[in-house]
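Peer 1: Got a predicted structure plus its sequence, pasted below:
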Amino acid sequence: MNETTPAPAAPAAPAPAVPRTDTPGGKGPRPAAASEPGTRARVAELLQRQGVLAVLLTVVIAASFIYPTFASLDNARGITIQASFLAVVALGMTMVIITGGIDLSVGSVFALGGVLAAWASQYGFLAALLVPLVACGAIGLLNGLLIARGNMAPFIVTLATLLGARGLLLAITDEGATTYLVPKDSAFGELGQGSVWGFGYPILVALVLFGAGGLVLQRTSFGQTLFAVGGSSDAATLMGLPVARTKILVYTLSGLLAGLAGALNAARLSSGVTIVGVGMELDAISAVVIGGTLLIGGAGSISGTLWGVLLLAVIQNLINQIGSLNSSYQSVVSGGFLIVVVVAQRYLARSRRST
Amino acid sequence: MAPPEAVPQAPEAAASTASPVLEARSVSKRFPGVVALDDVSFSLRAGETHALVGENGAGKSTLIKVLTGVYRPDGGDLRMAGRPVRFARPFEAQQAGISTIYQEVNLVPLMSVARNIFLGREPRNRFGLIDFARMHRETTELLDGFGVRVDPRRPLHTLGIGTQQMVALARAVSVNAQVVIMDEPTSSLEPREVETLFRVIENLRGQGIAVLYVSHRMDELYRICDRVTVLRDGRHIHTGDLADLDRMQLVSMMLGRDMAEVRRSGVTSFAAEGHEAARTPVLTATGLSSRHHLHDVSLSLYAGEVLGLGGLLGSGRSETAKALSGALHLDAGELTVDGTALNRLTPAAAIRAGISLLPEDRKAEGIVPGLSVRENIVLAAMPRLSRAGVVSRAKQDRIVDIFMKRLRIKASSPEQKVGELSGGNQQKVLLARWLCLEPKVLLLDEPTRGIDVGAKAEVQSLIDDLAREGLAVLLISSDIEELIEGADRIVVLRGGAVAGELAGDDVAEDRLLEVLADHAPAPEDKSPAAQEDPR
């Protein structure tokens, strides 16, 4: 609603519901699987939605028997803190992919957020959070504007900002020569290193964000519009949904989350490391797709992404446990999983259609 | 009521006291090279059902898009209840009370029925979150009113196309619309669903809601509409009570043709006499079977004849055509062309053997909208026109020129994008694409669906000519008249199997109905032809 004159008979659009994170409970109940399309379709739908959880549980249980060191609380703490940063990035990526888009810039934005947070941490806790959020949100907004208003392909736009953000980062750090450190014993450092029962704060932040993200996706107009835009952009436009505004918002959100994840990572590492986040966008996309979200958009879930992120982290941890395996094999295994998931999605989609 | 208004520019001259809810004044819309709407005025009164008719390219779609905020007019203005309005986006038109259901269902396939109906205006609970329980309850109530029983949580794409259309309709009327625009709403509906639609329209009329009804089906217009507006070549031709016009008058206004000429050429444009068919079949299909679709379908097709394929919706007509063109996976069956059996049946093999299929769904299966008329026509002929991978432009131009003239394709130039053409002209481009392959067998699946009267007539007489020239034509049509008058023989399908064959004098409406009726699966599943036909 930001161009031309609204006619007297055309009142303003209802604003999308503000996500309320103060409501009790987690995600809203998913509507149960359709009752009529038959058992096979129901199983297929369940598999698509929860298949990754089944795989994750299987892997975890099997690993616990084989490697006694795997099933320790310490190891769980390690895995989850490792996964928490990717999780926050993948949360934004899930929403972007549900709209049928892609955000390649998140890895660079993640690194930029970290450096900005470390630099700003000398001015206090609030600055250390706000500076990266504003900058990274602005990059996301730029992505959104170019994609929604400029009608450009998400792949190209976010590829450009991937390069741009990385370049900006190098400029700020004198090509990586300057490393900004987070002051010792600062509140911001505590945010990265503190913990509850040994589980780091970033894990809690990620969990809260996932809860809120689930609510937004399933129980708000904004969330529904994300699905509609990804499912059929033309239909969404003809139904009078705010397609452009939704796209702008979702890329901004993705930028904000990547920046936040970067800031948390910097707090944990006590410094703005410039070389982090390379290829992180691909990890995030993998986690989202393994989690059952369709790369073409229109279907997906936040919980699936959470399991996808954890699965990737567990695989990495296991390969480290094995020890004799080169850690490069992690990518091989993740890649294998990705192919399995994509093949399974095709098969499931077909069996759902044919019933 | 008043006689048809001689002066179209007098929206309120009629005796009726109803004021126009929606009015277009001198609206113009230009596209590069085309004036789509030229000074068109028209008004909709509360509680009326108003037919909007015209040939393809008459400007109906453009007018609808202007009314619904998809396009902004270049000139003129829109008024609602006398006040000028401007719509920058479809959303604004909807807020103002104008709802639209489109010919192709415009909903989100992967989302549930309830979510589709309530997208953008979901009921909230006290936390500001979507109240799914209420949404599902209200969806069920709403759809019950339409006689549709369906689980509101079911993903839309798992429903039949007719039910999807009813969901679209439910969405349209549930937004407190003052005006509901229906663009070819019945083109994908079964007769029973059409009846439901008409009941809904009656209901809307009772509530004082204006309906703008666009359809090519004369029966429907005369049954449901009060007034009619005729457009032709982007200009307003006539507005008046439908009861004052007979069909011939209406058709001649749409075509801009002499009434006597229309009468002489009959309702369809097929020649009265049949064709001389050859003795040996060009194409023989034996025992075509495909799980869920076809069961042991056998038929043969002779050069120089039009073989009609009859049947109700879902009887396997399109599947048969697809099987014959190699586009459907077969579990069993054999296809012989000119005495040679095809061993691997793929679309490429079928094309090489001289079989061409004009698919039912132009948009999804045929036309490449972003390419030009020339490129679309020569697409399939590319291998023949090229030597060592280099395509001769001169040859292309010659072929394109011949077919554009022969099929009377209306385009500003061969370089115009096909997406900008009207439906009828797109169909002709597709036909040209296959004809320049010089096929022996032409499979036509609903070749005249969704195109206007004039283009329809041209396509029909073209089919006639092609058979006369020795082509074997398979014609699928839900238009019973088209099937009866166009075909020399008719094979009737039911449930994916052959239910009967009509030849000679048996190719008549009553005989066809008998075959269809004998095999009608359920009493409520009437054949399309069993609908009342006042003619």
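Peer 2: Great, that's in hand.
Peer 1: Residue A:76 - how many residues pack around it?
Peer 2: If you count neighbours by other C-beta atoms under 10 Å in any protein chain shown, residue A:76 ends up with 16. Using the backbone N, CA and C atoms, a C-beta is placed for each residue, glycine as well.
Peer 1: nope, residue B:166 is what I meant
Peer 2: 25.
Peer 1: Secondary structure element holding it?
Peer 2: helix B:161-173 (DSSP states H and E).
Peer 1: got it, and residue B:63?
Peer 2: With DSSP H and E as the criterion, residue B:63 is inside helix B:60-67.
Peer 1: Does chain A have contacts with that helix?
Peer 2: No: shown here: helix B:60-67 not in contact with chain A (C-beta under 8 Å from any C-beta of the partner chain), separated by at least 10.0 Å.
Peer 1: Tell me the helices and strands packed up against that helix.
Peer 2: strand B:20-31, strand B:34-45, strand B:49-53, strand B:179-183, strand B:210-214 (3 or more C-beta pairs under 8 Å, 6 or more residues apart in numbering or on different chains; DSSP states H and E).
Peer 1: now these as TSV including mean neighbour count, distance to residue B:367 and mean pLDDT?
Peer 2: Below are the helices and strands packed on helix B:60-67 laid out as TSV (neighbours: other C-beta atoms under 10 Å in any protein chain shown; distance: least, C-beta to C-beta, whole Å; pLDDT from 0 to 100):
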stretch	mean neighbour count	distance to residue B:367	mean pLDDT
strand B:20-31	20	18	90
strand B:34-45	21	18	87
strand B:49-53	25	24	92
strand B:179-183	24	19	91
strand B:210-214	24	21	93
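Peer 1: Residue in the stretch 51-200 of chain A with the shortest distance to chain B?
Peer 2: Residue of the stretch 51-200 of chain A nearest chain B, by C-beta to the nearest C-beta: residue A:98 (10.3 Å).
Peer 1: Could you check how far the residue lying closest to residue B:186 once chain neighbours are set aside is from chain A?
Peer 2: Excluding the flanking residues, the one nearest residue B:186 by C-beta to C-beta, 6 or more residues apart in numbering or on different chains is residue B:194, at 5.1 Å. The gap separating residue B:194 from chain A is 23 Å, by C-beta to the nearest C-beta, to the nearest Å.
Peer 1: I figured residue B:194 hits residue B:217, correct?
Peer 2: No: counting by C-beta atoms under 8 Å, residue B:194 stays clear of residue B:217, with 9.2 Å between them.
Peer 1: Same drill for those two, tell me which one is more crowded.
Peer 2: The neighbour comparison of residue B:194 against residue B:217 (other C-beta under 10 Å) goes to residue B:194, with 20 against 14.
Peer 1: For the more buried one, give me phi and psi.
Peer 2: phi -60, psi -40 (degrees, to the nearest 10).
Peer 1: can you check residue B:472 too?
Peer 2: The phi/psi pair for residue B:472 (degrees, to the nearest 10) is phi -90, psi 120.
Peer 1: List the contacts of it.
Peer 2: B:281-283, B:301-305, B:307, B:440-442 (C-beta atoms under 8 Å, 6 or more residues apart in numbering or on different chains).
Peer 1: pLDDT wise, what is it at?
Peer 2: What the model reports as pLDDT for residue B:472 is 91.
Peer 1: ok so, going back, pull out the buried residues from the helix holding residue B:63.
Peer 2: B:60-67 (16 or more other C-beta atoms under 10 Å in any protein chain shown).
Peer 1: And the residue of the stretch 251-355 of chain A found nearest chain B, how close does it get to residue B:157?
Peer 2: Taking C-beta to the nearest C-beta, chain B has its nearest neighbour within the stretch 251-355 of chain A at residue A:298, 4.5 Å off. From residue A:298 over to residue B:157 the distance is 10 Å, taken as C-beta to C-beta, to the nearest Å.
Peer 1: okay, and the common contacts of those two?
Peer 2: Common neighbours of residue A:298 and residue B:157 (C-beta under 8 Å, 6+ apart) are B:109-110.
Peer 1: you'd agree the residue of the stretch 51-200 of chain A closest to chain B is up against residue A:302?
Peer 2: No: the pair residue A:98 and residue A:302 does not pass the contact test of C-beta under 8 Å, sitting 9.5 Å apart.
Peer 1: what residues are shared contacts of these two?
Peer 2: By C-beta under 8 Å, 6+ apart, the residues touching both residue A:98 and residue A:302 are residue A:217.
Peer 1: now the chain, which segments are flagged as low pLDDT?
Peer 2: With no chain named, the answer covers chain A. In the predicted model of chain A, residues A:1-49, A:323-325, A:327, A:345, A:348-355 satisfy pLDDT under 70.
Peer 1: Actually, chain B is the one I wanted.
Peer 2: B:1-19, B:33, B:55-57, B:255-269, B:271-278, B:312-314, B:362-365, B:383-389, B:450, B:516-535.
Peer 1: For the residue lying closest to residue A:237 once chain neighbours are set aside, give me phi and psi.
Peer 2: Counting by C-beta to C-beta, 6+ apart, residue A:243 is the residue found nearest to residue A:237 once chain neighbours are left out, at 5.3 Å. Backbone torsions of residue A:243, given as degrees, to the nearest 10, read phi -60, psi -50.
Peer 1: Tell me who's in contact with residue B:66.
Peer 2: B:24, B:27, B:29, B:37, B:72-73, B:78.
Peer 1: got the residue ranges for the strands in the stretch 151-300 of chain A?
Peer 2: A:195-196, A:199-200 (DSSP state E, counting those that start in this stretch).
Peer 1: In terms of secondary structure, what does the last one contact?
Peer 2: When contacts are defined as 3+ C-beta pairs under 8 Å, 6+ apart, strand A:199-200 packs onto helix A:73-98.
Peer 1: mind checking how far residue A:150 is from residue A:56?
Peer 2: For residue A:150 relative to residue A:56 (C-beta to C-beta), the value is 39 Å.
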